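Asks: here is a sequence together with a model predicted from it:
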Amino acid sequence: MNQASKLWLEQTRQAAQQPPLQTRQSLAVAGQVVGTMDGDLVRRLSSEQLRQHGLELVWSKSLWALQGEGDVTAVLNRMAQALREAGLCGAWRNEQLAVHNAQGLQVGTVERGAVRPLGIATQAVHLVGAAPDGRIWVQQRADNKATNPGMWDTLMGGMVSAADSLPQALERETWEEAGLRVADLTDLRHGGFVSFCRPSDEAEGHGYVSERIDWFEATVPESLSPDNQDGEVQRFELLERESVEDWLVQDRFTPEASLILAAYFGWR
């Protein structure tokens, strides 16, 4: 690892851990702290908009308490609808993500498009796939992706939905993005995880990313080649390690893939 790579890695790690652009306060539902909101976002949601969804935001004990009938899931999903109608929501996916409290226990689920404006922590999974000769499979993201369109990524990367365990998400996303079955891969192992805490441009800049990404590595047998199934990948390339390293320092990979591949290479 040369000096340029060391400088790049330091800068990339710093970019992955950034404070909010504005002060954020804890968000609680049914007595459970589940996320954060900034004051400007709160002000942009009128009391009338919230009442239309049976909700009320109350400032209490240095946090925002989101009140309404029903359990955490019901209240948060009505909040997601209110954000959507106000134009303050991320891309609506009709996909539920798990919601955890401050102790890490799952207490509900929420629409994926609402997690960034509400500062709800998420989990993702990535797969680094190598050929038997050591070359590395990478994908180019579709130009219509909501985040990092056209950039390069690991063989597979996706969110862990509320319906999935981590192994289930690995299996599903590997098929959807790369057309590969995990059972057909060899030497599969958990490589580690990277974390991101940084501002998000969702909700007109009022979002915040708090995410853990678990990554795996495996060998793709010579007889197999990735084949995208969901339209979210433009193409795949099989690159020599040196080429991947060059692309990393040229910032051709997404921030998530960059830190994962650096960890895969053992860069410190």
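Replies: Ah, there it is.
Asks: gap between K145 and T254?
Replies: If you measure K145 against T254 using C-beta to C-beta, to the nearest Å, the figure is 10 Å. The C-beta positions use only the backbone N, C-alpha and C, and glycine is treated the same way.
Asks: who has more neighbours, those two?
Replies: Taking neighbours as other C-beta atoms under 10 Å, K145 and T254 compare with T254 leading, 19 against 16.
Asks: pLDDT below threshold where in the protein?
Replies: Across the chain, nothing is flagged by pLDDT under 70.
Asks: what are the boundaries of the strands in it?
Replies: In the chain, the strands defined using DSSP state E lie at 24-29, 32-38, 55-60, 63-68, 96-100, 106-111, 122-130, 136-141, 152-153, 156-159, 186-200, 207-219, 233-239.
Asks: how about these, which one is nearest E10?
Replies: strand 186-200 (14.6 Å; C-beta to C-beta).
Asks: give me the residues contacting the closest one.
Replies: Contacts to strand 186-200, defined as C-beta atoms under 8 Å, 6 or more residues apart in numbering, come from residues 15-18, 20-21, 90, 116, 128, 182, 205, 207-219, 221, 255-256, 259-260, 263-264.
Asks: and those residues, which are buried?
Replies: Neighbour-count burial within the contacts of strand 186-200 applies to 16, 20, 90, 116, 128, 182, 207-211, 213-219, 255-256, 259-260, 263-264; the criterion is 16 or more other C-beta atoms under 10 Å.
Asks: hey, what's C197 bridged with?
Replies: Judged by DSSP bridges, the bridge partners of C197 are Q17, S210.
Asks: so how far is P117 from it?
Replies: According to C-beta to C-beta, C197 stands 15 Å off from P117.
Asks: so those two - more neighbours on which side?
Replies: More neighbours surround P117 than the other of C197 and P117, with 28 against 15 (other C-beta under 10 Å).
Asks: wait, what's in contact with that one?
Replies: P117 is in contact with 37, 41, 83, 88-90, 202-203, 206-207, counting by C-beta under 8 Å, 6+ apart.
Asks: show me which pair in those is furthest apart.
Replies: M37 and G90 (14.3 Å).
Asks: what's the domain layout of this structure?
Replies: Listed by automatic domain parsing, the domain ranges of the chain are 24-114, 122-264.
Asks: end to end on the last one, go ahead and measure it.
Replies: Across its full length, domain 122-264 reaches 22 Å between end residues, using C-alpha to C-alpha, to the nearest Å.
Asks: off-centre distance for it?
Replies: Taking C-alpha atoms, centre = their mean, to the nearest Å, the mean C-alpha location of domain 122-264 is offset from the chain mean by 11 Å.
Asks: can you check the shortest one too?
Replies: Using C-alpha atoms, centre = their mean, we find the averaged C-alpha position of domain 24-114 to lie 18 Å away from the chain's own average C-alpha position.
Asks: number the chain from 442, please
Replies: Okay, residue one is now 442; in that scheme the one you just asked about reads as domain 465-555.
Asks: tell me, how many residues neighbour the nearest residue to A555 once chain neighbours are set aside?
Replies: Sequence neighbours aside, A521 is the residue nearest to A555 in space, at 3.7 Å (criterion: C-beta to C-beta, 6 or more residues apart in numbering). By the measure other C-beta under 10 Å, the count of residues near A521 is 23.
Asks: run through the residues that contact A521.
Replies: A521 neighbours (C-beta under 8 Å, 6+ apart): 530, 551-552, 554-555.
Asks: repeat that with 6 Å
Replies: Taking C-beta atoms under 6 Å, 6 or more residues apart in numbering, we find A521 in contact with 551-552, 555.
Asks: ditto for R576
Replies: Applying C-beta under 6 Å, 6+ apart to R576 gives the contacts 679, 681.
Asks: cutoff 8 Å now
Replies: R576 makes contact with 679-682, according to C-beta under 8 Å, 6+ apart.
Asks: quick one: those as TSV, columns for distance to R630 and neighbour count too.
Replies: Shown next, in TSV, are these (distance: C-beta to C-beta, whole Å; neighbours: other C-beta atoms under 10 Å):
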residue	distance to R630	neighbour count
L679	21	16
L680	21	17
E681	22	12
R682	18	14
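Asks: next one: the closest residue to D605 other than its chain neighbours from L596, what distance?
Replies: Spatial nearest neighbour of D605, excluding adjacent residues (C-beta to C-beta, 6+ apart): R613 at 6.5 Å. Separation of R613 from L596 (C-beta to C-beta): 14 Å.
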